[in-house]
Every structure is written in structure tokens, then in C-alpha cells.
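Trainee: Have a look; sequence and predicted model below, questions after that.
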Amino acid sequence: MSNTIRSKILIIEDDPGICTFLRATLTAEGYDAIVVSNGGSALEIVASHCPDCILLDLGLPDMDGNRIISSIRQWSAMPILVISARSTEQDKVQALDLGADDYITKPFGTDELLARIRTALRHKRMASDNSEIALRGSYHVGDMVIDYRKHRVTVAGENVHLTPNEFKIVAMLGMHAGQVLTYKAMLRELWGPSASTDNKILRVHMASIRRKIEPDPNEPKYIFTEVGIGYRMADSED
Ligand code: CA
């Protein structure tokens with residue numbers, strides 16, 4: 001990480017122990033960490049400080065963290081990582097569908113947290129200008145290459161014969177590599193706002209995609225299932 005430009009990370013969390021831990025961990029990694037313990041102040045600070053990434057607890061004393069996600073998404077695409085003790089699939093899907101970029105369940109591992117933050121920050125950069133995909137027209141991870149210009153996927157140099165819908169799914173996950181995409185977000189992207197909410201069709205496509213791209217479809221190394229939530233493509237820097 002560059003010493004000249006420190007990424008600014010806003011921690012929205014009311015548990016003092018977790019705040020102290022997060023601040024120390026992020027500072028040690030060279031980030032500029034700001035802490036705020038309630039939702040009202042958080043929204044003001046988000047607007048005034050424009051952080052590069054937000055770590056958001058959902059259970060705040062004055063409001064539900066989901067309200068913060070909705071509020072920020074009305075005007076900004078800044079990365080939001082939810083860190084919450086709420087661990088049901090429904091909680092995760094709700095936060096992700098409202099626009100959170102990722103979701104980490106408490107208790108969490110430091111390495112995992114830092115990896116997710118790096119992914120979020122990389123996406124912010126990609127969204128702005130120098131995306132690997134925009135630059136090279138392709139996404140590379142392991143032996144797989146998604147060629148966005150030629151609409152083609154290769155694994156170990158071999159062309160993979162995907163149907164148009166299968167290509168769309170792989171391409172979409174590649175654009176968001178490292179991030180989980182919910183079933184709903186994928187269905188909406190593939191078939192429009194009135195798309196069915198039936199995940200079965202995605203599962204059928206995914207089974208076929210995995211047979212074509214994964215060395216072992218039962219132990220995927222390119223596209224992971226987040227049970228009950230959606231799919232995540234392996235990050236090239238993992
Ligand atoms: Ca809390």
C-alpha cells in the first residue's frame with residue numbers, strides 16, 4: 001500500500017471493544033481509520049469526509065444499519081462492508097440487496113476482514129478509472145480468462161463453449177470478482193426488473209457452467225456458492 005495516499009476507512013460501530021480492535025488493526029495496516037458510534041453522526045461524517053470504504057455494524061443504538069445503506073446508496077457508490085452479528089441468510093440478502101458490497105459475520109478473522117477491505121478498495125478504483133477489465137478487456141484468475149471483447153472464456157488456454165446466458169453469468173461475476181452477488185441481483189441483471197425470483201434457473205445454469213470451467217465441479221475454485229445468498233467469483237489476488 002502506498003504511504004502517500006492512505007485510504008480512509010469509516011467504522012460505524014457502537015461496541016467499544018470492536019471499535020478499538022478495528023481501529024488498531026486498520027491503523028497497523030496503514031489505513032486512516034475514523035470511528036463513529038451512532039447512525040446519525042455516521043451519515044454526517046460520510047457526507048463530510050467521503051471515506052474510501054465503510055465498515056458498518058447493523059445494530060446501532062439510534063437506527064438500523066440497513067437505513068444507512070439505503071441512505072448512502074441514494075447518492076454514492078462508496079464501498080460498504082457490513083460487519084454484523086446477524087447471521088441469517090435473510091439478513092445478508094437484505095443488506096446486499098440494499099446495496100452493501102459485502103457482508104462479514106461476527107466473529108470474524110482479521111485476515112478475512114483485510115482481504116475483503118482490499119477487494120472493496122480495488123473495486124472502488126476499478127469503478128473510477130483503471131480497471132484491469134477496462135484496461136485489458138479481460139479478467140484473469142487461476143487458469144481462467146474471461147475475454148470481454150471477444151465474449152469468450154478460456155481455461156488453461158482451451159476455449160470453453162458457454163451459452164449466451166452462461167457467458168453473461170460468468171462475465172457478471174467476473175466484473176464483481178471477490179464480491180458476493182445475490183440471486184436477486186443476478187436475476188434482475190440477466191432478465192430485467194420483472195425477472196422471476198426463482199433461483200432454480202440460476203442453479204441449473206451454474207451447474208452447467210461449473211461442468212465446463214471447473215476442474216472439479218464439486219470443489220469449485222472459480223465460482224463459489226454463498227448458500228442461500230448468491231455466488232462469488234474468486235478474486236485474482238486471493
Ligand atoms: Ca452493535
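Mentor: Thanks, I have the structure now. As the structure is a prediction and not an experimental result, all values here were calculated from the model.

Trainee: Return the residues of the protein in contact with the ion.
Mentor: Contact residues (CB under 5 Å from the ion) of the chain with the ion: 14, 57, 59. The C-beta positions use only the backbone N, C-alpha and C, and glycine is treated the same way.

Trainee: The last one and Asp91 touch, don't they?
Mentor: Which is Gly59. No - contact between Gly59 and Asp91 fails when scored by CB atoms under 8 Å: they sit 10.6 Å apart.

Trainee: can you count the residues close to the residue nearest to Glu226 when sequence neighbours are not counted?
Mentor: With CB to CB, 6 or more residues apart in numbering as the measure, Val180 is the residue that lies nearest to Glu226, at 4.9 Å, once sequence neighbours are left out. Per other CB atoms under 10 Å, the neighbour tally for Val180 reads 22.

Trainee: again with Glu219
Mentor: Neighbours around Glu219, by other CB under 10 Å: 7.

Trainee: Could you do the one 5 residues further on as well?
Mentor: Applying other CB under 10 Å, we find 14 other residues in the vicinity of Phe224.

Trainee: need the residues of the chain next to the ion in CSV with neighbour count, can you?
Mentor: Putting those into CSV (neighbours: other CB atoms under 10 Å) gives the following:
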residue, neighbour count
Asp14, 15
Asp57, 24
Gly59, 12
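
Trainee: got the residues you listed as CSV, with pLDDT columns?
Mentor: Below are the residues of the chain next to the ion laid out as CSV (pLDDT from 0 to 100):
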residue, pLDDT
Asp14, 97
Asp57, 97
Gly59, 95
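
Trainee: what's the weakest-modelled helix or strand in this protein?
Mentor: helix 132-136 (a mean of 66; mean pLDDT, DSSP states H and E).

Trainee: helix or strand right after that one?
Mentor: Next helix or strand after helix 132-136 toward the C-terminus (DSSP states H and E): strand 138-141.

Trainee: Buried residues, that next one. List them.
Mentor: Neighbour-count burial for strand 138-141 flags 138-139, 141 (criterion: 16 or more other CB atoms under 10 Å).

Trainee: Now flag whichever of these is closest to Ala85.
Mentor: Val141 (31.5 Å; CB to CB).

Trainee: quick one, what contacts the closest one?
Mentor: By CB atoms under 8 Å, 6 or more residues apart in numbering, Val141 lies in contact with 174, 177, 222, 233-236.

Trainee: Restricted to helices, list those residues.
Mentor: Gly174 (DSSP state H).

Trainee: Gly109: neighbour count?
Mentor: Gly109 has 9 neighbouring residues, counting by other CB under 10 Å.

Trainee: For the residue in the chain sticking out farthest from the centre, give me phi and psi.
Mentor: Using CA atoms, centre = their mean, the residue of the chain lying farthest from its centre is Glu158. It sits 28.6 Å away. Backbone torsions for Glu158, taken as degrees, to the nearest 10, come to phi -90, psi 130.

Trainee: and what of Leu113?
Mentor: The phi/psi pair for Leu113 (degrees, to the nearest 10) reads phi -60, psi -50.

Trainee: Would you state the helices of this protein in chain order?
Mentor: Along the chain, counting by DSSP H, helices occupy 16-28, 39-49, 65-73, 89-98, 110-128, 132-136, 164-175, 183-191, 200-213.

Trainee: least reliable of those going by mean pLDDT?
Mentor: Of all these, the minimum mean pLDDT falls on helix 132-136 (a mean of 66).

Trainee: Provide a list of residues in contact with Leu113.
Mentor: Leu113 is in contact with 25, 83, 104, counting by CB under 8 Å, 6+ apart.
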